[in-house]
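Visitor: No sequence on hand, only this structure:
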Ligand SMILES: Cc1cc2nc3c(=O)[nH]c(=O)nc-3n(C[C@H](O)[C@H](O)[C@H](O)COP(=O)(O)O)c2cc1C
């Protein structure tokens, strides 16, 4: 009898182990053209500042958002809130808030052109993504940065263009503009960390200069 019980328990341990093995995903190794494509996607992503009018479809947005939330985060806290804005009236309102903020100021980069007629702080992209961070955690900046990069790279892989929008951050966080954050359901203890312009690219920019000497290998 003891022998049967012993054999049965051995069998059940074996079955549990087998079931466990089935659940574990196979390791993924990229080689050849697949590996080249992944590296190329990183190297050929550019900030796009000219977009086509065509809106980004739901299935592409879903893919990008899935990639976004699969970003790593410290302690897997996922201290972000992400809003994908495609409402033209809301986008126009956000642009107006930026213009009001910019009035009379000397700004840098593409924001410097705000006095030009028809200026759009998000480069007329049909979609703007707001990424907000949990203010109670300093590291949420880092986590949101990684989530941002997942958005930029997955969009590029889908043939879409993106541009991070740092200039909008302080504008959206102004006390006067909290109504916008409330309207898009950003929780009280969150603030905007970064925004992204998203759409179909209408330009192929040359990569701005990089500085390889900033990287040193210590052996
Ligand atoms: C955090 C962050 C904020 C940025 N903010 C803006 C911005 O407000 N407007 C803009 O046109 N580009 C912005 N950019 C894009 C940078 O100018 C761009 O990434 C840089 O020039 C390198 O070019 P590349 O993205 O094509 O490689 C931002 C990029 C980052 C990472």
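Guide: Cool, got the structure. Because the structure is a prediction, the values reported are computed rather than measured.
Visitor: Need the contact partners of stretch 143-158.
Guide: The contact list for stretch 143-158 (Cβ atoms under 8 Å, 6 or more residues apart in numbering) reads 41-42, 44-45, 60, 63-64, 67-74, 77-80, 82, 129, 131-133, 161-162, 164, 193-194, 196, 198. For glycine as for every other residue, the C-beta is placed from the backbone atoms N, C-alpha and C.
Visitor: can you tell me which of those residues are up against the ligand?
Guide: Near the ligand, taking Cβ under 6 Å from any ligand atom as the test, the members of the contacts of stretch 143-158 found are 164, 194.
Visitor: Any quick ChimeraX command for the buried ones out of the contacts of stretch 143-158?
Guide: Isolation of the buried members of those (16 or more other Cβ atoms under 10 Å) is achieved in ChimeraX through the command below:
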select :45,60,63,64,67,68,71,73,79,80,82,129,131,132,133,161,162,164,193,194,196,198
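Visitor: Which of the contacts of stretch 143-158 fall within strands?
Guide: Residues from those lying in strands, with DSSP state E as the criterion: 80, 82, 129, 131-133, 161-162, 164, 193-194, 196, 198.
Visitor: Count the residues that sit near the closest residue in space to residue 184 that isn't next to it in sequence.
Guide: Excluding its sequence neighbours, the residue lying closest to residue 184 (Cβ to Cβ, 6 or more residues apart in numbering) is residue 83, at 4.6 Å. Residues near residue 83, counting by other Cβ atoms under 10 Å, number 17.
Visitor: Please apply the same query to residue 212.
Guide: 6.
Visitor: Report the contact partners of it.
Guide: With contact taken as Cβ under 8 Å, 6+ apart, residue 212 is in contact with no other residue.
Visitor: Distance-wise, check it relative to residue 130.
Guide: Taking Cβ to Cβ, to the nearest Å as the measure, residue 212 falls 34 Å from residue 130.
Visitor: With residue 138 instead?
Guide: For residue 138, the distance to residue 130 under the criterion Cβ to Cβ works out to 20 Å.
Visitor: Give me the more crowded residue out of the two.
Guide: Taking residue 138 and residue 130 together and counting by other Cβ under 10 Å, residue 130 has the greater number of neighbours (23 against 10).
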